[in-house]
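# Next comes the sequence, and after it the predicted model I'd like to discuss.
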Amino acid sequence: MTTVLPLLLAAGITMPLVQGCKPTNTKTAVTGDAASKVFVPPGQYDEFYNFVSGGFSGQMSVYGLPSGRMFRNIPVFAVDPESGYGYSEETKPMLMTTHGFMPWDDSHHVESSMTDGVPDGRWMFINGNNTPRIALIDLTTFRTKTIIEIPNSAGNHSSPFITPNSEYVVAGTRFSIPMGTDAQRDVPINTYKENFKGTVSFIHPDPATGKMNIAFQITAPGIDFDLSHAGKGPSDGWFFFSTYNTEQAYKLLEVNASQNDKDFIMAVNWKKAEQYAKEGKGKMVPGRHYMNHYDEGTHTATSEVIEQVMQLDHKELKDLLYFMPCPKSPHGCDVDPTGQYIVGSGKLAALIPVFSFDKMIKAIENKDYEGEFDGIPVLKYESVLHGEVKKPGLGPLHTEFDNNGNAYSSMFVSSEIVKWNVQSLEVLDRVPTYYSIGHLCVPGGDSRQPWGKYVIAYNKITKDRYLPTGPELCQSAQLFSIDGPKMELLADYPSIGEPHYAQAVPASLIKDKSVKFFKIEENNHPYVTKSEKDARVVREGNKVHVYMTCIRSHFAPDNIEGIKMGDEVYFHVTNLEQDWDVPHGFAVKGAATAELLIMPGETQTLKWVPTSVGVKPFYCTDFCSALHQEMQGYARVSPANSNVPLSANTKAADAGL
Amino acid sequence: MGLICVSPTLAAVPNFEPENKEKQMLTKKATVYRNMAAGIGLASMMALVAACGGSGSAPAEKPATANEAAKTEAATPLPGMITADQIVPPLEEGKIDQAMVSKGKEIYEVKCLSCHSLGTNRVVGPGWEGIMKQRTPEWIMNMILHTDAMLETDPEAQAMLEECLVRMPNQNLTNEEARDVLEFMRTL
């Protein structure tokens, strides 16, 4: 919203509103059988999973399509008191960065792991914009498995798009910045042109473990990098990034970065870069960053700190980067399913240029350049152009594709989705959205084989779509069918944060792989209690470790004495249940964290530093059985100089003997 | 008397199939409320306490009902349920496999001990001392392996639920593990 909203005004003044900004009457937009197309009877499953960025909530939410029902809000970059993510001792390392513990981020784009250019249902990736990071979410557990921080980046926006076999996930910096030593970084802002530069990072997710590492970074000129997509099929081996601010402005970008007729799509030959990296042509440069990984065996996350990254210098390695001129501050950078066409959506342009990969290769071979920018060849616009979609609407932002050679572009300013044919560039249909669409998503719509069927609009403005809830409204998604000749509005559903990009994949790719519980035998947590007979309390200096079990419906131990003021108490709670959907919760009075929500077979730890003397209650927070309300206990806290011995009642089985 | 109270509520439950989606609801939230309703419906909690906690009278009454349960099962075995002749390896009269017993005891300590004592007292569920005199081996195997189905269909399992009010969790043992636990029970 931040980048595009001012355009609403600018466009209103400078362009005739062909389509008109005001959508037609909502009620006329819905046809008679829409309800039957989105109705999923109670107890039945949706056809697609829809993974939606949580925007400035820093999370990722999961919906079913076509019902629009929300199943899950997966904590990623922000703490989540509901699950204890970011509060439990095991998950705190997930949010560690070089800036310290980072409890929030602004997440924008969701991307699927792919095999042969098609989503494989294994992982989802999502970017953190503000503190540049990429997260990998495991779709067997719907949990964040790995978070890697991106050094030498500022505003990780053109991320986390992926190569066809998940070789690399990319992260391009939105802001160019001065890099290097402290002295090199401490420079006047008005030396932008000399001192500021960009990077694009190629991050490798390990197929066996899901850990990530930065394979290499490519330096780039000091401009802004916006969005990206990988080539596929014939263009596999290339990556395309949209850029803006080729004016290299550093203030009032709204005006100063909108001067040039054309900015660039940057084509990156990543196969070549990979080869150079292997040949040792990169330089190790300062690049301190964190890699945080959650291990399902120990149920614990650990952080690794890496000091350096390998950089490939675009000024030395001349054949890595090429620029294709693209009108007016392009935003979306989308590659069609054939891999032949690259769509650059100039958000201030009155047309959509479509570039041809074959023509680009030919232009590179023929050195068909119109000049250079910071040492990078600028290819001639006419030489690389497949054609332009004329008068598509106002403010084109993003494009997704179906499996029939059609493209669907979101038009922010004229608030509509426009369907056009990739080959003929002819506009086929248009449908209003309510209101001001940003991203859009077709199931598999950025892959080699889209499933089609629906397009979802993620709107930037909600206004009157739902019952009012004060000045702050829910965000709004809209589902359209695309299997007929005309797009048809089927349903609205609210979403979280400000959703940006999303992925939708068939439920069948994921649902049968879902983990139902963690096997207690395989629990390698250092503080696991595998049998109630082993439940105990151990003092180590001022640290008190409570080895606690829970099962419907009691904790062991449930009476603890001998805790003193000044102690740090660690409740290591193991859920001994071995069935699906039987988590137990744990909360203790006065704990300045959140609850724990412990899945069956899992161990999680709550740290509690008592603040007053007395007997403090703890209890199960997640309704577990008819005797849930009895699932409670007491911890006695005595003064620091007290002689109360440490004790706990354990072995419930012996209780009545 | 307890059964009279419980049956009408259970009658509303759809037929149980192991892969039925309803299972998830049943295992947790929905059932909880049903159980509570059943509990409230009972005329006297005092009677329950005696039935659950008393170690004196229960064993004397149980063999008869266990036999009844066995008869019912034999008449209409539910799909997927284990019958007496499907227990592998079969129980050998007067012979105990000590290796299985020690495996069974290990499993007990992780997955069962929280709720079942090795005496006759009830903790959450009943104590296991003398259990082989009260239940048929196949009833025990089914209770371990098909917990939810038993709680939905088996009158004896339902009677236990009525007493204990906490659904026995399905601890997802394999057939072999359940058999090891059964062997362990034979020593009690």
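Structure's in. What do you need?
# Stretch A:425-439 - what's its average pLDDT?
In this model, stretch A:425-439 has an average pLDDT of 97.
# Okay, buried residues for that stretch please.
A:425, A:427, A:429-439 (16 or more other CB atoms under 10 Å in any protein chain shown). (Glycine included, C-beta is placed from N, CA and C.)
# Check stretch B:97-108 too.
B:97, B:100-101, B:103-108.
# distance of A:G54 from chain B?
Counting by CB to the nearest CB, to the nearest Å, the gap from A:G54 to chain B is 26 Å.
# How about A:Y619?
Applying CB to the nearest CB to A:Y619 and chain B gives a distance of 16 Å.
# again, but for A:W270
Distance from A:W270 to chain B, counting by CB to the nearest CB: 44 Å.
# That residue - how many residues pack around it?
Neighbour count of A:W270, defined by other CB atoms under 10 Å in any protein chain shown: 25.
# residues touching the single nearest residue of the stretch 201-350 of chain A relative to chain B, list them.
Per CB to the nearest CB, A:H299 is where the stretch 201-350 of chain A lies closest to chain B, at 16.2 Å. Neighbouring residues of A:H299 by CB atoms under 8 Å, 6 or more residues apart in numbering or on different chains: A:90, A:518, A:523, A:525, A:602-604.
# Likewise for A:Y466?
Under the criterion of CB under 8 Å, 6+ apart, the contact list for A:Y466 reads A:473-474, A:476, A:492, A:494.
# Please apply the same query to A:E82.
With CB under 8 Å, 6+ apart, A:E82 has these contacts: A:594-595, A:597.
# What subset of the residues you listed is buried?
Buried, going by 16+ other CB under 10 Å: A:594-595, A:597, out of the contacts of A:E82.
# Mind listing residues that contact stretch B:89-103?
With CB under 8 Å, 6+ apart as the criterion, stretch B:89-103 contacts B:137, B:177, B:179-180, B:182-184, B:186-187.
# what's around A:G393, how many residues?
Going by other CB under 10 Å, the residues that sit close to A:G393 add up to 22.
# Report the secondary structure state of it.
Under DSSP: H, G, I helix; E, B strand; the rest coil, the three-state class of A:G393 is coil.
# Give the closest residue to it in space, chain neighbours not counted.
A:M411 (3.6 Å; CB to CB, 6 or more residues apart in numbering or on different chains).
# Of all residues in the stretch 351-500 of chain A, which one is closest to chain B?
For the stretch 351-500 of chain A, CB to the nearest CB, closest residue to chain B: A:Y493, 22.2 Å.
# for that residue, helix, strand, or coil?
strand.
# domain parsing for chain A?
Following automatic domain parsing, one gets these domains for chain A: A:1-46+A:391-515, A:526-654.
# and the last one, what's its mean pLDDT?
Translated: domain A:526-654. Domain A:526-654 shows a mean pLDDT of 95.
# So what does B:G127 look like in phi/psi?
Here is the backbone geometry of B:G127 (degrees, to the nearest 10): phi -70, psi 160.
# first to last residue in stretch A:426-436, what's the distance?
One end of stretch A:426-436 to the other measures 23 Å (CA to CA, to the nearest Å).
# who touches it?
If you take CB under 8 Å, 6+ apart as the criterion, stretch A:426-436 is touched by A:8, A:19, A:23-24, A:26, A:29, A:389-393, A:406, A:410, A:412-413, A:415-421, A:457, A:459-463, A:465, A:476, A:478, A:480, A:485-489, A:492.
# which stretches of chain B have low pLDDT?
Where chain B drops to pLDDT under 70, the residues are B:1-78.
# Tell me which stretches of it form helices.
B:2-11, B:22-27, B:29-41, B:45-53, B:58-75, B:98-107, B:131-134, B:137-145, B:147-153, B:155-164, B:175-185 (DSSP state H).
# mind listing what the residue of the stretch 351-500 of chain A closest to chain B touches?
A:63, A:68-70, A:476-479.
# Now with 7 Å, please.
A:68, A:477 (CB atoms under 7 Å, 6 or more residues apart in numbering or on different chains).
# Can you select the buried ones from the contacts of stretch A:426-436 in ChimeraX?
Buried subset of those, written as a ChimeraX selection, criterion 16+ other CB under 10 Å:
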select /A:8,19,23,29,389,392,393,406,410,412,413,415,416,417,418,419,420,457,459,460,461,462,465,476,478,480,487,488,489,492
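# For chain B, what's the nearest residue on the stretch 101-250 of chain A?
In the stretch 101-250 of chain A, no residue comes nearer to chain B than A:F142, which is 15.5 Å away by CB to the nearest CB.
# Could you give the number of residues near that residue?
Count around A:F142 with other CB under 10 Å applied: 18.
# Quick check: it touching A:R72?
Yes - shown here, A:F142 and A:R72 form a contact pair, counting by CB atoms under 7 Å, at 5.8 Å.
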